[in-house]
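Novice: need coordinates for the following:
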Amino acid sequence: MEMKTSRVCLALGLVLLMTVSSDAAPFAPAHPELCCFNFATSEIPDAEITGVVKTHPNCPKSGYVFTTPNGRICKKDLK
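Specialist: Got it, this is the predicted structure:
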């Protein structure tokens, strides 16, 4: 019985050690923060645009995020 208990403790200890020492979590693939799924077709007046950022290359659809005083608007192009 002692031999069985020590094997179980050893196995659990090794699993715990592997979990604690694993550095895979910080490098796990994450989703991009800024992606567009719906795109506006209307014009945005230049005076309202406070910033423009291209979507991340890992996003399913490429586009641009225009920041205005009213919020963010996604468009497929810079026009």
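
Novice: for the rest of this, base every contact and every neighbour count on C-alpha atoms.
Specialist: Noted.

Novice: where does pLDDT dip in this structure?
Specialist: Along the chain, segments meeting pLDDT under 70 span 1-2, 8-32.

Novice: that one: strands as residue ranges?
Specialist: Per DSSP state E, the chain carries strands over the ranges 51-54, 64-68, 71-75.

Novice: by contact count, what packs against the last one?
Specialist: Helices and strands touching strand 71-75, by 3 or more C-alpha pairs under 8 Å, 6 or more residues apart in numbering; DSSP states H and E, are strand 64-68.

Novice: just checking: what are the partner strands of the strand it packs on?
Specialist: The strands beside strand 64-68 in its sheet (DSSP bridges) come out as strand 51-54 (antiparallel), strand 71-75 (antiparallel).

Novice: between these, which one is nearest to residue 64?
Specialist: Minimum separation from residue 64 across those (C-alpha to C-alpha) falls at strand 51-54, 4.4 Å.

Novice: residues of the closest one that come out buried?
Specialist: residue 54 (16 or more other C-alpha atoms under 10 Å).

Novice: pull the CA atoms of it into PDB?
Specialist: Extracted in PDB, the C-alpha atoms of strand 51-54 (Å, rounded to 0.1, in the frame of the first residue of the first chain):
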ATOM      1  CA  GLY A  51      -7.900  58.900 -35.600                       C
ATOM      2  CA  VAL A  52      -7.500  56.100 -38.000                       C
ATOM      3  CA  VAL A  53      -6.000  52.600 -37.300                       C
ATOM      4  CA  LYS A  54      -5.700  49.700 -39.700                       C
END
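
Novice: what does it rub up against?
Specialist: Identification of contacts with strand 51-54 by C-alpha atoms under 8 Å, 6 or more residues apart in numbering yields 62-68.

Novice: most tightly packed of the strands of the chain?
Specialist: strand 64-68 (a mean of 19; mean count of other C-alpha atoms under 10 Å).

Novice: residues contacting that strand, please?
Specialist: 36, 48-55, 72-78.

Novice: hmm, back to that, will you turn the strands of the chain into TSV that also has distance to residue 44?
Specialist: Listed next are the strands of the chain as TSV, based on distance: least, C-alpha to C-alpha, whole Å:
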stretch	distance to residue 44
strand 51-54	12
strand 64-68	9
strand 71-75	9
